[in-house]
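*Asks:* need coordinates for the below:
(one chain, ligands or ions: 1)
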Amino acid sequence: MSIDKQIGRRAVICGAIALAVGVNPDIAKAAVAATGVTQRKDGKLSIDLTKNPALNKVGGVLTIDLSDGSSVAIIRTATGVKGLSVINLSCTHNGVTVMQTGNKWLCPAHGSQFTFAGKVLQGPARTALFKYPSSATLKTLVIG
Ligand code: FES
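*Replies:* Reported below is the predicted structural model:
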């Protein structure tokens, strides 16, 4: 089963699981836990960007820990409403949570490295980190 299907089954965005917001200790040094996160009736997540100033600057990262044990990162990769990327932090090699090191993600298990937006820089992972569809306004980011 591909990681895309696994993550899809986790129903992060489908609304089938309860959302637990908190700080993932693996990435706590670099990232900030998101606040103002709600799950909409359609299952999508809505993040109040006015409550998350960490995303005001390029390079800012917020995390959302999910009840299935995985974590989502919201990354400011560029300015403007299209400058946010949303990825799952489960390594596509074997599912270990990746850690932020500078402007990359590093897997502590076997050394895979990913760009800030989740593309593979170094294996053994061969597939990019799962990227969620998202859309943003100046005040709100919707994931799903
Ligand atoms: S689990 Fe990430 S490199 Fe193996």
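
*Asks:* distance check, Cys46 against Ala78.
*Replies:* No Cys there; residue 46 is Ser. Distance, Ser46 to Ala78, by CB to CB, to the nearest Å: 21 Å. All C-beta spots, glycine's among them, are computed from the backbone N, C-alpha and C.

*Asks:* my bad, Val96
*Replies:* 28 Å.

*Asks:* ok, those two, which is more surrounded?
*Replies:* Neighbour tally, Val96 and Ala78, criterion other CB atoms under 10 Å: the higher count belongs to Val96, 16 against 11.

*Asks:* pretty sure the more buried one is touching Ser90, no?
*Replies:* Yes: Val96 is within contact range of Ser90, at 7.4 Å (criterion: CB atoms under 8 Å).

*Asks:* can you pull the pLDDT of Met1?
*Replies:* Looking at Met1, its pLDDT stands at 34.

*Asks:* can you check Cys14 too?
*Replies:* 36.

*Asks:* now the one 3 residues further on
*Replies:* Ile17 is assigned a pLDDT of 32 by the prediction.

*Asks:* one more: the one 4 residues further on?
*Replies:* pLDDT recorded at Val21 is 41.

*Asks:* before we move on, what about Ile27?
*Replies:* pLDDT, read off for Ile27, is 40.

*Asks:* check the one 10 residues further on too.
*Replies:* According to the per-residue confidence, Val37 scores 89 in pLDDT.
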